[in-house]
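**Student:** make a model of this:
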Amino acid sequence: MAAATLQLRGVRKYFGSVSALEDLRLDAYAGEVHAIVGDNGAGKSTMIKIISGIHRADEGQILVDGDDLANVKSTAEAQGRGIAVVYQDLALVECLDIAHNMALGNLPRKFGVVLDRRRMEREAAQVLKDLNVRVGNVRTPVGLLSGGQRQVVAIARAVRMDRPIVLLDEPTAALGVQETAHVGEIVDGLRASGKAIIIVSHDLDFVFSHADRVTVLRLGRTVGTRRVSEATREEVVGMITGALPADHEGEVA
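**Tutor:** Got it, this is the predicted structure:
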């Protein structure tokens, strides 16, 4: 197997005297969907924030193509190192239109100064078309969209960044069956394009339908990793609840 695109080794994070992550280990590969599951308080959101540059790890290594991200201090730096993120709260600006939201952080400009609105709208429309997303005119304010439409706009923004690593934090939370299926199609397309996709999810149906591997976190530690094709839901639930023991040092299967 080729080298992992993203590696976490012994990552620890403390907030004062509280330990959020104790010993986090993860390998994510290009062309794979890697699901992260665990109960509330397992450390999933903290992991996303550390990889994306919001928080800094107190110990351990975070490697992208073998390069350590220890000195990354912001989300902009993380993006520059190849990481795109869709947060659970989506981080969309309701008063701005779809095109603006999709270009936030990377607005196209003429002569380096003036906003190139035509290019911004053209690029947004093309990404949405490629993803087979129908959300109306790209000038529609995000505040007028449904929850499912907002979710796909947030994912489309990450796709527009065209980074090799895509992090999705609970992408199907509060979505209906049809909207969840659409998100699944987008995820499958990202895998086919060679991205390394990491999905934090409580939805085991989605995980078993779209992920290649699943890593279980419990109390800030990596319990273990399984290939979805070789695992059962009962096994994964047992790892989440502690009914099954952790793998030796949380090693990857």
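
**Student:** from D188, how far out is the closest residue to S229 other than its chain neighbours?
**Tutor:** Excluding its sequence neighbours, the residue lying closest to S229 (CB to CB, 6 or more residues apart in numbering) is D212, at 7.9 Å. Every C-beta, even on glycine, is put in place using the N, C-alpha and C of the backbone. D212 is 11 Å from D188, where distance means CB to CB, to the nearest Å.

**Student:** so what's in contact with the two at the same time?
**Tutor:** Counting by CB atoms under 8 Å, 6 or more residues apart in numbering, the common neighbours of D212 and D188 are V33.

**Student:** contacts only, for the residue sitting nearest the centre point of the chain.
**Tutor:** By CA atoms, centre = their mean, the mean C-alpha position of the chain lies nearest to L167, the distance being 1.5 Å. With contact set as CB under 8 Å, 6+ apart, L167 has these partners: 48, 51-52, 83-86, 198, 200.

**Student:** how about it: what's its closest non-neighbour residue?
**Tutor:** Nearest residue to L167 in three dimensions, chain neighbours excluded: V85, at 4.5 Å (CB to CB, 6+ apart).

**Student:** need phi/psi at that neighbour.
**Tutor:** When read as degrees, to the nearest 10, the backbone of V85 gives phi -130, psi 140.

**Student:** next one, pLDDT for it please.
**Tutor:** The score at V85 is 89. That number is its pLDDT.

**Student:** if we can go back for a sec, surely the residue nearest to S229 touches D27?
**Tutor:** No - assessed by CB atoms under 8 Å, D212 is found out of contact with D27, at 11.8 Å.

**Student:** the two: which is more packed in?
**Tutor:** Neighbour count, other CB atoms under 10 Å: between D212 and D27, D27 has more, with 21 against 15.

**Student:** which of the helices or strands spans the more buried one?
**Tutor:** In the assignment (DSSP states H and E), D27 maps to strand 18-28.

**Student:** and for G105?
**Tutor:** Using DSSP H and E, no helix or strand contains G105.

**Student:** ok, now how distant is it from G53?
**Tutor:** Separation of G105 from G53 (CB to CB): 12 Å.
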